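Colleague: need coordinates for the following:
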Amino acid sequence: MTARPLIGITSYLDEAAWGVWRQPAAVLPRTYLDCVSRAGGTPVLLPPQDGGVERLIGALDGLLLAGGADLDPALYGADPHPRTGRPQPQRDRWESELLAAALDRDLPVLGVCRGLQLLNVALGGDLVQHLPDESHQTLPAAYVRQEVTIRPGSRLGAVLGASARVNCYHHQAVGRIGGGLLATARSADGGVEALELPGRTFTVAVQWHPETDPRDLRLFEAFTAASCKEAAG
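Modeller: Numbers count the residues shown, from 1 in each chain. Okay, the predicted model is just below:
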């Protein structure tokens, strides 16, 4: 029996409410856990903290960079746009260190929304800090369903085919593409919707939210399959 790979998933530090309590907590939408589990992995939450990155990455079989707040524009040498969210330096630092260690080991990486932006910035790219209103994000907590065109011959194309209908919720986007990265999906307006690092075991990031479509686990299954090889090794 093949061991279920351990998939580390970055998470939020935020205020949450349950029962009679409302207090600071480490939280993550359950959909991430469900998709990883259904795809054959064992999810492990990685809330922002200080230290322990190398030991964690050494114990994990894959790293999933979840969505969340805007990155601090200072990470790519820009001043904040009026619509850019408040910086979360602890999370930015923690996830940057996790990603650097994962790339150094060629650990399978899947980035979602913020995760794609983090990958791009980590490799020297930058971001468009605010897209035209009502393009890829309209009402609060309402995903925009749109079609993306996928680059032939890409890792993503092998998983999803020539195009896909996806759920988007982002007001920022890739600007200058980071070194070595390949844009492998674009929206109708030409925006970058996916990036990958060719020649790696699995380093794929998407701007959309695949965890919100439980009917389509193909991306999670491909990521978990790559992580199974890490577990077996």
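
Colleague: pretty sure His171 sits in a helix.
Modeller: No: the assignment for His171, made by DSSP: H, G, I helix; E, B strand; the rest coil, is coil rather than a helix.

Colleague: any idea how far it is from Leu195?
Modeller: Per Cβ to Cβ, to the nearest Å, His171 is found 18 Å from Leu195. Where C-beta positions appear, they are placed from N, C-alpha and C, glycine not excepted.

Colleague: those two - which one has more neighbours?
Modeller: For His171 versus Leu195, neighbours defined as other Cβ atoms under 10 Å are more numerous around Leu195 (28 against 18).

Colleague: mind telling me what element the more buried one is part of?
Modeller: strand 192-196 (DSSP states H and E).

Colleague: and the helices in this structure?
Modeller: Along the chain, the segments classed as helices by DSSP state H run 30-38, 53-59, 89-105, 114-122, 155-160, 218-232.

Colleague: how about the helix or strand bottoming out on mean pLDDT in the chain: buried residues?
Modeller: Between all helices and strands in the chain, the lowest mean by mean pLDDT, DSSP states H and E belongs to helix 218-232, at a mean of 88. For helix 218-232, the neighbour count (16 or more other Cβ atoms under 10 Å) marks Leu219, Phe220, Glu221, Ala222, Phe223, Thr224, Ala225, Ala226, Ser227, Cys228, Glu230, Ala231 as buried.

Colleague: show me what that helix is packed against.
Modeller: For helix 218-232, the packing partners by 3 or more Cβ pairs under 8 Å, 6 or more residues apart in numbering; DSSP states H and E come out as strand 6-10, helix 30-38, strand 62-65, strand 109-112, helix 155-160, strand 203-206.

Colleague: ok and that helix relative to helix 30-38, angle-wise?
Modeller: For helix 218-232 against helix 30-38, the angle by axes from the mean of the first three to the mean of the last three Cα atoms, to 10 degrees is 60 degrees.

Colleague: could you number the chain from 64 rather than 1 from now on?
Modeller: Sounds good: first residue 64 from here, last item helix 281-295.

Colleague: and the contacts of helix 281-295?
Modeller: Here helix 281-295 makes contact (Cβ atoms under 8 Å, 6 or more residues apart in numbering) with 65-70, 98-99, 101-104, 124-125, 127, 170-171, 173, 218-219, 221-223, 264-265, 267, 269, 273-274.

Colleague: type out the ChimeraX command that picks the buried ones from these.
Modeller: Burial among those is assessed by 16+ other Cβ under 10 Å; the matching ChimeraX selection reads:
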select :67,68,69,70,98,99,102,103,104,124,125,127,170,171,173,218,219,222,223,264,265,267,269,273,274
